[in-house]
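J.: Here's a sequence, model it:
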Amino acid sequence: MPYVLLALAILFEVTATLSLRASEGLSKLGPSVVVVLGYLVSFALMAKALTSLNVGPVYAIWSALGTVGAFIGGVLLFDEPVRPLTIAGAVIVVVGVVVMNLGGGVSHG
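T.: This next block holds a predicted model:
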């Protein structure tokens, strides 16, 4: 169950981040509301997941998959450019999370 909460937290965080772009500097009400609610729900879900998972690896997973999700969403929704260095950076982020999890695991107790 904590992994489901974490996955949902990532989904809400990516949605909020993409809505931040769509809000045009928080000047559009609809996307701005999605930003605030998305981050609130994301943090609440991650807080609940952290009751049984270790904070370091969980935060690494949340931020890395959020970064990759925002990158992909930006490309698909906003026609943002895809460059080889950007792809390499996303791969490095994901590899870093994998290495971090191999070193410490995510369950506490």
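J.: pLDDT weak spots in the protein?
T.: The model of the chain has pLDDT under 70 over residues 104-109.
J.: where along it do the strands fall?
T.: Under the criterion DSSP state E, the chain carries no strands.
J.: hey, which helix is longest across it?
T.: With secondary structure taken from DSSP state H, the chain has its longest helix at helix 55-78.
J.: contact partners of stretch 76-83?
T.: Leu18, Arg21, Ala22, Phe71, Gly74, Val75 (CB atoms under 8 Å, 6 or more residues apart in numbering). The way it works is simple: take the backbone N, C-alpha and C, and place the C-beta from them, glycine included.
J.: And the buried ones among these, selectable in PyMOL?
T.: PyMOL command restricting the contacts of stretch 76-83 to the buried ones, with burial defined by 16 or more other CB atoms under 10 Å:
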select buried, resi 18+21+71+74
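J.: Closest one of the contacts of stretch 76-83 to Ala90?
T.: Ranked by distance to Ala90 (CB to CB), the contacts of stretch 76-83 are led by Phe71 at 5.7 Å.
J.: which one is the residue most central in space within the chain nearest to, not counting chain neighbours?
T.: For the chain, the residue nearest the mean C-alpha position is Gly66 (2.0 Å; CA atoms, centre = their mean). Of all residues not flanking Gly66 in the chain, Glu13 sits nearest, at 4.7 Å (CB to CB, 6 or more residues apart in numbering).
J.: Fine by me, thanks again.
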